[in-house]
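A.B. asks: Quick one, fold the following:
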Amino acid sequence: MTTISPRSSNAFCAALLVSASALAGCGGKPAGPATPQGAPIEVGVVTLAAAAVPVSRELPGRTAPFRIAEVRARVTGIVLKRLFEEGSDVKEGQPLFHIDPAPYQAAFDAAAATRAHAEAAAANAKLVAARTEDLVKDNAVSRQEADAAAATLQVADADLAAARAAERMARLNLGYTTVTSPVTGRIGRAVVTEGAYVQSTQANLMATVQQLDPIYVDLSQSADEVLRLRRDLESGRIQGTGQGKASVKLVTGDGREYGQPGTLQFADVTVDPSTGSLGLRALFPNPKGELLPGLFVRAKLEQGVASSALLVPQAGVTRDQKGQPLALVVGADNKVERRPLAVERTVGDAWLVTEGVKAGDQVIVEGLQKVRPGALVTPVAAGAKATPPGAPPAGPPGAAPAGAEPSKPAAGAPAR
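C.D. replies: Prediction:
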């Protein structure tokens with residue numbers, strides 16, 4: 001058995017003291033009291049409550065003109081003049097092009113002369129028929145001559161009708177030499193220029209006029225969504241708007257909401273087999289011409305009101321490996337429960353949930369990373385957690401509180 005002398009014992013104790021001082025100088029501190037196992041974890045929760053939520057759907061679409069008219073040549077000839085400015089607004093009946101009228105003026109004059117000749121012949125035949133009828137009464141002429149005079153009058157009347165029709169046609173062709181706008185709207189570029197030769201047989205396109213106020217927005221919606229909405233309306237889970245026509249709001253391609261609301265006009269009756277969607281058409285006022293045909297837009301369609309909807313904040317919804325939405329809920333005895341959810345759509349920063357939770361449930365939205373199903377928690381209202389007054393701010397382990405001087409090594413301890 002080895003015997004330690006009192007002198008060696010004193011040296012050993014001194015070495016222990018120096019080591020303890022060195023540890024204190026390097027930032028070591030005595031261990032505090034251990035955290036009790038199974039202590040409740042404080043989490044932020046949101047208590048669900050049923051509320052009336054407007055049911056809307058955002059659908060992609062494109063703008064289309066209310067009316068579109070193709071200006072085409074109705075007579076053959078040389079274009080003498082363009083009478084409009086490309087890209088301007090035109091009125092219905094406004095002259096757009098002038099085609100050489102000389103041959104059509106000559107045809108009209110000839111038709112007018114033929115009509116005058118037919119009128120004279122018809123007037124003479126009428127007089128002859130009347131005289132012959134009087135002579136038949138006096139037995140001065142035979143009945144055969146009277147019948148021949150009446151037939152001649154009928155032929156003259158027919159010739160007169162044909163001459164008048166030919167004159168009207170000549171007048172129409174003469175009028176067609178001035179090409180006018182069929183509708184009020186905005187005209188695009190001219191397809192033909194002065195000196196171009198246009199033909200009525202080919203109906204050459206000369207320009208296009210589009211009416212832009214109001215303007216259509218053509219949308220598409222999944223047929224499955226339409227059927228689900230109809231079932232919800234029939235079951236009473238969703239109440240209709242009751243406004244006759246659903247209101248539609250428009251968001252342009254740059255993310256700006258269009259200032260004037262529109263109305264849904266109709267839904268198509270045939271599902272597109274290639275996309276499985278139905279076509280919808282909405283009508284929007286466009287007094288300033290801000291919306292142009294062919295623009296890609298997004299439309300917010302008001303489809304009804306869910307009277308007892310549950311909204312779960314998106315921060316409280318996660319997904320498993322299969323993409324199934326989940327939520328952690330504070331259950332009985334303040335223990336965490338995992339609930340699978342059935343969600344329909346987003347409403348602002350929340351999910352519209354139809355299955356998995358009920359009114360009064362407390363959904364965890366803060367501290368999700370600290371808890372697991374079955375853990376004991378202390379629920380507080382989300383956003384209410386704060387650092388107690390007077391408590392030092394959190395810092396890395398071993399860091400000194402803000403404003404405190406750095407610790408100095410003990411006397412006799414080796415410098416770091």
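A.B. asks: In three-state terms, label the spatially closest residue to H117 that is not a sequence neighbour for me.
C.D. replies: The shortest distance from H117 to any residue other than its chain neighbours is 7.3 Å, reached at A163 (CB to CB, 6 or more residues apart in numbering). All C-beta spots, glycine's among them, are computed from the backbone N, C-alpha and C. Under the three-state scheme (DSSP: H, G, I helix; E, B strand; the rest coil), A163 adopts helix.
A.B. asks: if I look at A163, how far off is K126?
C.D. replies: Using CB to CB, to the nearest Å, A163 is found at 16 Å from K126.
A.B. asks: and these two? which has more neighbours close in?
C.D. replies: Neighbours around A163 and K126, counted as other CB atoms under 10 Å, are more numerous at A163. The numbers are 21 against 16.
A.B. asks: Surely A375 touches E337?
C.D. replies: No. Taking contacts as CB atoms under 8 Å, A375 lies outside contact range of E337: 10.1 Å.
A.B. asks: and A107, what is it in contact with?
C.D. replies: A170, N173, L174 (CB atoms under 8 Å, 6 or more residues apart in numbering).
A.B. asks: Correct me if wrong, but it is in a helix.
C.D. replies: Yes. According to three-state DSSP, the state of A107 is that of a helix.
A.B. asks: still on that earlier bit, now the contacts of A107 in a markdown table, with neighbour count and pLDDT?
C.D. replies: Converted to a markdown table, these look like this (neighbours: other CB atoms under 10 Å; pLDDT from 0 to 100):
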| residue | neighbour count | pLDDT |
| --- | --- | --- |
| A170 | 21 | 96 |
| N173 | 21 | 95 |
| L174 | 19 | 96 |
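A.B. asks: I'd like these laid out as CSV, including secondary structure and distance to P261.
C.D. replies: Shown next, in CSV, are the contacts of A107 (DSSP: H, G, I helix; E, B strand; the rest coil; distance: CB to CB, whole Å):
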residue, secondary structure, distance to P261
A170, helix, 52
N173, helix, 48
L174, helix, 48
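A.B. asks: Run through the strands of the stretch 101-250 of the chain in chain order.
C.D. replies: In the stretch 101-250 of the chain, the segments counted as strands under DSSP state E, counting those that start in this stretch are 178-180, 185-187, 197-198, 205-222, 238-239, 247-251.
A.B. asks: re earlier: closest to G360 out of the contacts of A107?
C.D. replies: Of all the contacts of A107, N173 has the smallest distance to G360: 81.5 Å, by CB to CB.
A.B. asks: which parts of the helix or strand where E337 lies are buried?
C.D. replies: Per DSSP states H and E, E337 falls inside strand 336-340. By neighbour count on 16 or more other CB atoms under 10 Å, the buried set for strand 336-340 is V336, R339.
A.B. asks: Repeat that for stretch 121-141.
C.D. replies: A121, A122, A125, K126, V128, A129, T132, V136, V141.
A.B. asks: Contacts for that stretch, please.
C.D. replies: 142-143, 145-146, 149-150, 152-153, 155-157, 159-160.
A.B. asks: Likewise for stretch 172-191?
C.D. replies: Applying CB under 8 Å, 6+ apart, the contact partners of stretch 172-191 are 65, 67, 69, 71, 73-75, 77, 82, 84, 86-101, 104-105, 107-108, 204-212, 289.
A.B. asks: Quick one: residues contacting the nearest residue to A382 once chain neighbours are set aside.
C.D. replies: Take A382 and drop its neighbours on the chain: the residue closest to it by CB to CB, 6+ apart is G44, 3.7 Å away. For G44, the contact set (CB under 8 Å, 6+ apart) comprises I364, V365, E366, G367, P379, V380, A381, A382, G383, A384, K385.
A.B. asks: try 7 Å this time
C.D. replies: G44 makes contacts with V365, E366, G367, V380, A381, A382, G383, K385, as judged by CB atoms under 7 Å, 6 or more residues apart in numbering.
A.B. asks: In the host helix or strand of it, which residues are buried?
C.D. replies: According to DSSP H and E, G44 maps onto strand 41-47. Neighbour-count burial for strand 41-47 flags V43, G44, V45, V46 (criterion: 16+ other CB under 10 Å).
A.B. asks: In the sheet, which residues pair with the first one? Tell me.
C.D. replies: With beta bridges defined as DSSP bridges, V43 has these partners: P379.
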